[in-house]
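Q: Need the 3D shape of this:
(chains A and B)
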Amino acid sequence: MSGAADAIVIGSGPGGATVAEVLTRAGWSVVIMEKGRNHLLDPEDPTRPAGDYSNDEIKFISRHFLGPDPLVEPRAFRRNAGEGEHTHVGEVNSIPTTVGGGGTHADGKVPRFREEDFRLHSLLGPQPDAHVEDWPLDYAELEPFYAEVERAIGVAGRAGANPFAAWRSGPYPMPPGAPMYGAVLSSAAAEKVGLHPYEAPTAANSIAYDGRPACNNCGFCAFFGCPIHAKGDPVALLTKAMATGRAQLMSETFVSRILTDGRRATGVEYVDADGATHSKDAGLVVVAGGAIETPRLLLLSGVDHPALGRHLMVHFQTIVVGHFPALGLHPQKGRSVTHVHDDAMVQDDAARGAAAEAGLPWFRGGLVEHSGGGLPIMSARHSPWGRAHAQAMIDGDLRDHMWAFIMQGEDLPYATNTVDLSPSIRDARGYPVARVTYEPGAHELAASKHHGKILQSVLEEMGAEYVIHTSSPGVSYHGIGATPVPESRHVIGTARMGDNPDTAVCDRWGRVHAFDNVIVADSSVFVTASGYGPTLTLVALAARAAHHLAGTKPTGPVGDEADDAGATGPSASTT
Amino acid sequence: MPVWLSEQEYATLRAACGQMMPSDTGGPGADEADVADYIDTLLGAFTFEPPRIWAGGPTSGRHGGAAGFGDFVSLSRLDELAWRMRIEGSLGVAEREFNGPVIGLQQRYRDGLAALGSDFVDVGRPEQRRRLRADDEFRELLWEHCCEGMYGAPEYGGNRNGIGWSYIGVEGDVQPRGFSDAEVSEP
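A: Next up, the predicted model:
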């Protein structure tokens, strides 16, 4: 595409791909600039896989195939400003740097937020030290976009399965996939202790859908690219955008600066695969690099706002693991996580009491994933060396006899948890890298402690011989895996949206207040984190922003989907 | 014939891997799985073209499909920089020292194997274990690579004929066959 583009989209992950799809559908010309490589789409036929993804633990887990490589694109980390410039340089909660971005490595759980997630301040009130605010939009405004993107990427789920879910205007596009054996057992145990497990809404095809095959349960889901494109996010959106003929995908293209003239962006400056610097003009610039790389680019571009880079949230993970010597749980079979429960997101008397005991007005946990281990290299690393090794691997405790709950605990937005530019650490291109300053607050620790005990009781009900607790980032009372660097791969906040340009970086449409034509289309704009994975909400927000720009509306259901079987109207809301 | 290590270094490495994963303990050991070859191949990755960093895809041929793992993925300019830094170290090259000097795996292995002693192959097993315990940093590096060499895809040089997978009862890569719904949901 020579000459100026209607829009340049920076980042080809779920947010960027969504904007590209909506805008190209509306007739815009779009250039997608992605700093990572293209291992996702066949360059000759973008509807087909590139053929590089595989069931390969060395390639994806040990050797950074999806990027970023921490040697050439490191980040700096410290828990707080008192620790000095940084305490760690390397990988810091990285999501993939590759065509498809964070969608490539995720196991595809895509829950919606609930109504109260957008109105925490109004419904629950403020929190000490945190900037809890309502979002400038509510669930009802976002619901049509949730519905549109669920159909676009293909989400398998069962409406009504989760009693705490927000209302929805229609059914899921396809039924849930096969439940994992361990999840069948842990769900039964959870129900016995009064919890409400359900089939996780998952962007992995349970049936052939939209030209992509059904998932064949290979088990290489979380942290791996899908070799057959059964995972639809963001493959479906990228391929649809490319199919219009109006999208150009430029991989290995690092955008180093947004070029501006007063309140208008005129284009971007970028570095190509050979290290040469160029510029390209555009009528609109969309930033979708994730909540760490997006503020980095805005800072590199000279954007100055007191909230930019602040309120970083990551989901404080509570990990509770049970040992079941008599059960063969085979977690390597299936799509990594097939069941979840939301009970920790709902206020009850016990949670209110525990919050009061911790001196807090309230707390919320997060979505709890039911999952196992399974991969042989990972299991081996945690087994003994020497003469005991072979028998330990044959016994397979870590591989086959452990079952875990991972709670994606809601982080509150603290102004002291930040992303800024490292004063001294550079990437291989010579640009300052992002420095992450993060530590959990009293809310996260109290919620983790309270809900961790409940999760332990479920594993004991399931028959666990013993139960261990850990967390990410590690904290002192957990002792195991105690790295202070978060590893959730959920990064949220740092360019929050709001109507007040003095306190919010972006407006209610994701537009950077300081400019007329710069949009942020990722989870940077979130005001609060909720305890649900951010992907579907950031994708719905990106679709909403793009439709607003193009003057179009989200597409409604068609054919058999147009009936209301599976719809749970606003009157059925449980919140 | 080792790819990168000297014959002496290779013999020491093989003996050290054999202590990490001995052969006569109810399962195959590092010797049977060619774990030392996995490590030597990593250290000499750039003696191959494309470099032996990332096996190809999407299938290995072990469960159907073409045998694509053997067609290693080519590296970009930035990939090559990263992996040369990781394996060779920065070696005083300005392009590799933008955040300071980097000690590569080649140097770490050369130093670690030398510290085990030129007589490492000949001393008894208790002494071999004592020397391995004496250097936590090198032993942890060696252990990480032993696990990869025993249980990773055979195309990287270890896990000969899938012996590491078969003795613990796992399939390794399973595309394009995958698992049936019944295999997922039932005991």
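
Q: beta partners for B:Gly64?
A: B:Gly64 has these beta-bridge partners by DSSP bridges: B:Gly61, B:Arg62.

Q: so where do the helices sit in chain A?
A: Listed in chain order, the helices of chain A (DSSP state H) span A:14-25, A:57, A:120-124, A:139-153, A:181-192, A:235-243, A:290-300, A:349-357, A:376-381, A:389-395, A:397-400, A:442-462, A:535-550.

Q: Out of those helices, which gets nearest to A:Val518?
A: Closest approach to A:Val518 among the helices of chain A is made by helix A:290-300 (8.4 Å; C-beta to C-beta). From N, CA and C alone the C-beta is placed, and that goes for glycine too.

Q: quick one on the thing from earlier: among the helices of chain A, which comes closest to A:Asn500?
A: Distances from A:Asn500 to each of those were compared by C-beta to C-beta, and the smallest falls on helix A:120-124, at 13.7 Å.

Q: Now do the closest one, average pLDDT.
A: Here the mean pLDDT over helix A:120-124 is 98, rounded to a whole number.

Q: now what about it, what contacts it?
A: Taking contacts as C-beta atoms under 8 Å, 6 or more residues apart in numbering or on different chains, the residues outside helix A:120-124 that touch it are A:116, A:132-134, A:347, A:361-362, A:528.

Q: Most neighbours among these, please name it.
A: The residue in those with the most neighbours, by other C-beta atoms under 10 Å in any protein chain shown, is A:Thr528 (27 neighbours).

Q: who wins for proximity to A:Gly267 among the helices of chain A?
A: Smallest distance to A:Gly267 across those (C-beta to C-beta): 13.6 Å, for helix A:290-300.

Q: Identify the residues contacting that closest one?
A: Helix A:290-300 is touched from outside by A:10-11, A:13, A:75, A:92-93, A:95, A:101-102, A:255-258, A:287-289, A:308-309, A:312-313, A:419-421, A:431-434, A:436, A:491-495, A:505, A:512, A:520, A:522-524, A:526, with contacts defined as C-beta under 8 Å, 6+ apart.

Q: Just say helix, strand or coil for B:Asn161.
A: helix (DSSP: H, G, I helix; E, B strand; the rest coil).

Q: And for it, the neighbour number?
A: Here the number of neighbours of B:Asn161 (other C-beta under 10 Å) works out to 11.

Q: For it, which non-adjacent residue is closest in space?
A: Leaving aside its sequence neighbours, B:Asn161 sits nearest to B:Pro154 (C-beta to C-beta, 6 or more residues apart in numbering or on different chains; 6.7 Å).

Q: One more: B:Ala66?
A: Distance criterion C-beta to C-beta, 6+ apart; nearest residue to B:Ala66, sequence neighbours excluded, is B:Thr59 at 5.9 Å.

Q: Next: A:Trp135.
A: Leaving aside its chain neighbours, A:Trp135 sits nearest to A:Phe118 (4.3 Å; criterion: C-beta to C-beta, 6+ apart).

Q: Also A:Gly359?
A: Nearest residue to A:Gly359 in three dimensions, chain neighbours excluded: A:Ala442, at 7.1 Å (C-beta to C-beta, 6+ apart).

Q: With A:Pro201 instead?
A: Take A:Pro201 and drop its neighbours on the chain: the residue closest to it by C-beta to C-beta, 6+ apart is A:Gly157, 3.7 Å away.

Q: any idea how far A:Pro554 is from the one you found?
A: Separation of A:Gly157 from A:Pro554 (C-beta to C-beta, to the nearest Å): 19 Å.

Q: now A:Val287
A: In this structure, A:Val287 lies at 22 Å from A:Pro554, with C-beta to C-beta as the measure.

Q: quick one: which of these two has more around it?
A: Set side by side, A:Val287 and A:Pro554 show more neighbours around A:Val287, with 31 against 19, by other C-beta under 10 Å.

Q: now the more buried one, which residues is it bridged with?
A: Each beta-bridge partner of A:Val287 is listed here, defined by DSSP bridges: A:Ile10, A:Val520.

Q: List the residues that contact it.
A: If you count contacts by C-beta under 8 Å, 6+ apart, then A:Val287 has A:10-11, A:258, A:294, A:297-298, A:518-522 around it.

Q: Swap in 6 Å and give it another go.
A: Taking C-beta atoms under 6 Å, 6 or more residues apart in numbering or on different chains as the contact definition, A:Val287 lies against A:10, A:294, A:520.

Q: Compare those and tell me which is most surrounded.
A: Neighbours here mean other C-beta under 10 Å. Within the contacts of A:Val287, the largest count is held by A:Val520, at 34 neighbours.

Q: That one reaches A:Cys506, doesn't it?
A: Yes - taking C-beta atoms under 6 Å as the contact criterion, A:Val520 and A:Cys506 are neighbours in contact, 5.2 Å apart.

Q: Which residues are in contact with each of those two?
A: A:Ala495.

Q: those helices in chain B, which residues are they?
A: Here chain B has its helices, by DSSP H, at B:7-20, B:30-33, B:35-43, B:77-88, B:105-116, B:125-133, B:136-151, B:163-168, B:181-185.

Q: Now mean pLDDT too, for those, in CSV please.
A: Supplementary listing: the helices of chain B in CSV, determined by pLDDT from 0 to 100:
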stretch, mean pLDDT
helix B:7-20, 98
helix B:30-33, 98
helix B:35-43, 98
helix B:77-88, 98
helix B:105-116, 98
helix B:125-133, 97
helix B:136-151, 98
helix B:163-168, 97
helix B:181-185, 98
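
Q: So which of those is the most surrounded?
A: helix B:35-43 (a mean of 26; mean count of other C-beta atoms under 10 Å in any protein chain shown).

Q: That helix near chain A at all?
A: No - remark: helix B:35-43 sits outside contact range of chain A, by C-beta under 6 Å from any C-beta of the partner chain, the gap being at least 9.1 Å.

Q: Residue numbers of chain B in contact with chain A?
A: Listed as neighbours of chain A in chain B under the rule C-beta under 6 Å from any C-beta: B:20-22, B:25-27, B:54-55, B:57-58, B:73, B:76, B:78, B:81-82, B:85-86, B:98-99, B:143, B:147-148, B:151-153, B:156, B:168, B:170, B:173-175, B:178-179, B:181, B:183-185.

Q: And stretch A:69-88, what's buried?
A: Neighbour counts over stretch A:69-88 (16 or more other C-beta atoms under 10 Å in any protein chain shown) mark A:69-79, A:86, A:88 as buried.

Q: Next: stretch A:219-238.
A: Of the residues in stretch A:219-238, those buried under the neighbour-count criterion (16+ other C-beta under 10 Å) are A:219-238.

Q: For the residue lying farthest from the centre of chain A, which non-adjacent residue is spatially closest?
A: Here chain A reaches farthest from its C-alpha mean at A:Arg387, the gap being 41.3 Å by C-alpha atoms, centre = their mean. Taking C-beta to C-beta, 6+ apart, and ignoring the residues beside it in sequence, A:Arg387 has B:Thr25 as its nearest neighbour in space, at 4.9 Å.

Q: Verify the contact between that neighbour and A:His389 for me.
A: No - using C-beta under 6 Å, B:Thr25 makes no contact with A:His389, being 7.0 Å away.

Q: Just want to know which of those two has more residues nearby.
A: Set side by side, B:Thr25 and A:His389 show more neighbours around A:His389, with 24 against 16, by other C-beta under 10 Å.

Q: Need the per-residue pLDDT for the more buried one.
A: For A:His389, the model assigns a pLDDT of 97.

Q: Please list all residues in contact with it.
A: Residues in contact with A:His389, defined by C-beta under 6 Å, 6+ apart, are A:383, B:21.
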